[in-house]
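**Student:** no sequence on this one, just coordinates:
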């Protein structure tokens, strides 16, 4: 255990040594695992495809030897429970320590703060609370043509009092040699739901604390990943949301009864979407869905009945100056987390403050005035466009970004002072029609921001509004000037 104020989740990771029996799974644990989802695990963690192939082998074997097994299980020396029913019992799990591969570090970590993700991996491998988690079902899909970026991984905790009925966790002597083996793929496999439904999960007794956490990756730094984010404003579902549902439905039958699901940013959106769209059999096993500063959904994407099914089981957190977590529609009440940085830098959970006395984040009373201002402005701005108009704006923006040769999209959307010059430069690569679409959209954003700032009683909101309006108007005017000059030259 630890004492005193813990600054952030990495401090918690370094200091919290309690087991999950002693201190149950909490929002800090979820935030850490959601950040681990930014680790590229190809070839190091058993893939979902490998699990499904093993299940097929067991199913076919069972069909061929059904008569023999029925006879053998009736003998005194045999017991049906010794027969493999779950493919995870025959697949060697990976552990965090297996991913400590320095030769892969250069490309292993993604997201806005890859260095902190690396620190998270090292901390998880060392922590007595986390190092015995079994890692399974890593899946990663990246398709530029379909504007699709998706990844997920499952973490399984085995209650040590019932460990004899589950795969054993490694001890200090064997952990270092517990690397994952077998065939790994980077392609999502859509196998038979009918066959999977016949596999019985580890439906434990009430005293079994075993559980699984299914984590979904947020957006990486690719233009493709960010394009899919923007597509959520006018398309539902996007490919990653569909894949999230299939992943949950595919992996859940092999897992302990107790399920936690979570993610950060886009990963939070995918986790919530998968849980809301899951079958009733899986939904009744979900104890909590953790939504860490994740955007909501396009209007009408989720029905009132779907929201009602998970009522009381969704934890939603936003930093004080949240922007991403307030986008689009999500009726779930949220908790406001105190953060150490400002503006978009607060989007990173590594900046969120922790209260060790509660094994939880440190919470504020309300969102900042700036966050509430952004919420009002962007909601009004997006509401004025039809799906087709929003699609045209997004298409114009990303055509400009791609034409400018930008490969790290975070430089555009989280670039701080560099953002405006980058957008100006990117917009110069557009044709006249696309340039007009982007110019008009940014001009509209500037007008709405200025109007909201004028009506606000908060000096902070007025200041934020002026900056947003000035920046949007600057880009809009620069685009107009560029095309006017190009027309004159032509």
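**Tutor:** Cool, the structure landed. Source: prediction; values computed, not measured. Numbering: from 1, shown residues only.

**Student:** quick check: residue 54 is in a helix.
**Tutor:** Yes: Residue 54: assigned to a helix according to DSSP: H, G, I helix; E, B strand; the rest coil.

**Student:** what sits against it?
**Tutor:** 87, 90, 91 (Cβ atoms under 8 Å, 6 or more residues apart in numbering). C-beta here means a position set from N, CA and C on the backbone, and glycine is covered the same way.

**Student:** any of those buried? List them.
**Tutor:** Buried members of those, counted by 16 or more other Cβ atoms under 10 Å: 87, 91.

**Student:** nearest to residue 293 among the contacts of residue 54?
**Tutor:** residue 91 (33.5 Å; Cβ to Cβ).

**Student:** for that closest one, give me the pLDDT.
**Tutor:** For residue 91, the pLDDT comes out at 90.

**Student:** against residue 325, how distant is it?
**Tutor:** Separation of residue 91 from residue 325 (Cβ to Cβ, to the nearest Å): 36 Å.

**Student:** what do you get for residue 59?
**Tutor:** Taking Cβ to Cβ, one finds residue 59 at 42 Å from residue 325.

**Student:** who has more neighbours, those two?
**Tutor:** Neighbours were counted for residue 59 and for residue 325 using other Cβ atoms under 10 Å; residue 325 has more, 27 against 16.

**Student:** do I have it right that residue 441 meets residue 394?
**Tutor:** No: the pair residue 441 and residue 394 fails to qualify as a contact (Cβ atoms under 8 Å) at a distance of 9.5 Å.

**Student:** next, the buried residues of stretch 212-220.
**Tutor:** For stretch 212-220, the neighbour count (16+ other Cβ under 10 Å) marks 212, 213, 214, 215, 216, 217, 218, 219, 220 as buried.

**Student:** report the contact partners of the last one.
**Tutor:** If I follow you right, that is residue 220. 38, 110, 111, 149.

**Student:** need the residues you listed in JSON lines with secondary structure and pLDDT, can you?
**Tutor:** Listed next are the contacts of residue 220 as JSON lines, based on DSSP: H, G, I helix; E, B strand; the rest coil; pLDDT from 0 to 100:
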{"residue": "38", "secondary structure": "coil", "pLDDT": "98"}
{"residue": "110", "secondary structure": "coil", "pLDDT": "95"}
{"residue": "111", "secondary structure": "coil", "pLDDT": "93"}
{"residue": "149", "secondary structure": "strand", "pLDDT": "97"}
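
**Student:** buried ones from those residues, can you make that a PyMOL selection?
**Tutor:** Listed next is the PyMOL selection for buried residues among the contacts of residue 220, using 16+ other Cβ under 10 Å:
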select buried, resi 38+110+111+149
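
**Student:** out of the contacts of residue 220, who's nearest residue 124?
**Tutor:** Using Cβ to Cβ, these come closest to residue 124 at residue 38, 12.5 Å.

**Student:** against residue 140, how distant is the nearest residue to that closest one once chain neighbours are set aside?
**Tutor:** Distances taken as Cβ to Cβ, 6 or more residues apart in numbering place residue 111 nearest to residue 38, at 4.1 Å, with adjacent residues excluded. Residue 111 is 14 Å from residue 140, where distance means Cβ to Cβ.
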